[in-house]
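Student: With the sequence up front, the predicted model follows.
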There are 2 protein chains.
Amino acid sequence: MSHKSANEVPAEPVRAGSGTVRQVLIGPDEGPNFSMRRFTMEPGGGMPKHTNTVEHEQYVLGGAARIGLGDEVIEVTQGDVIFIPAGLPHWYESLGPEDFEFLCVVPNGPDEIRIVEGE
Amino acid sequence: MSHKSANEVPAEPVRAGSGTVRQVLIGPDEGPNFSMRRFTMEPGGGMPKHTNTVEHEQYVLGGAARIGLGDEVIEVTQGDVIFIPAGLPHWYESLGPEDFEFLCVVPNGPDEIRIVEGE
């Protein structure tokens, strides 16, 4: 068991993104099946179109963003829930004025991030 | 893929608790490996000491609560992260003045809730 404040967890820049940091709140060292991460994207920051080999279950904590999911574009705010299946191309753009902050839960195990170029 | 507001998801009372409702934000019909649920406990509400056969990964969205984890008692507020391993006896007491609200992610598959009596 463990108890911590998310604000105490170290944040690491997400290299594939801009103005984006990631915190591993519960990682594979604690959770046997899945990991809980928190992403924070500055206004104007985000991540380019990419795919993952694992699914994402996400909950928006604050801020606002435009998100591309396959051919759809959605806008999300606090309390929104997004399910992104493995392999679906997706991207993020933080709209401001606050940081866009969301939880993203993924199964443990290898994930490969592929940037989708030329679109 | 899916996108919804958590506020649109139906809430069902948690029978084992008091003043407590549960919303399944992403269930086994969508997520292949784990489910994301949101619990809301009125001030004074909560859940008695119990065990589950699955682990919990939790994130506090708002309010405050006292939580028993094995022999420890902790107090939690917004942004706190709790990992409860499978089988560990635990309980919740919502402290108010706001509703205590948290996400609880569990692996898909059968879970058995056992109330721990006589303590």
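Tutor: Okay, I see it.

Student: got the residues of chain A near chain B?
Tutor: Selection of chain A residues close to chain B by C-beta under 8 Å from any C-beta of the partner chain yields A:1-7, A:9, A:25-26, A:30-34, A:36, A:55, A:57, A:59, A:61, A:69-70, A:72, A:74, A:76, A:79-85, A:88, A:103, A:105, A:107. (Glycine included, C-beta is placed from N, CA and C.)

Student: Helices of chain A, residue ranges please.
Tutor: Ranges of helices in chain A, per DSSP state H: none exist.

Student: Could you list the low-confidence segments of it?
Tutor: Along chain A, the parts satisfying pLDDT under 70 run over A:118-119.

Student: Next, count neighbours for A:E117.
Tutor: A:E117: 8 surrounding residues under other C-beta atoms under 10 Å in any protein chain shown.

Student: wait, A:M41
Tutor: Neighbourhood size, A:M41 [other C-beta under 10 Å]: 25.

Student: Pull the contacting residues for the closest residue to it other than its chain neighbours.
Tutor: Leaving out its chain neighbours, the residue that sits closest to A:M41 by C-beta to C-beta, 6 or more residues apart in numbering or on different chains is A:S94, at 3.8 Å. For A:S94, the contact set (C-beta atoms under 8 Å, 6 or more residues apart in numbering or on different chains) comprises A:19, A:41-46, A:63-65, A:100.

Student: Now do A:S94 against A:G17, distance only.
Tutor: 10 Å (C-beta to C-beta, to the nearest Å).
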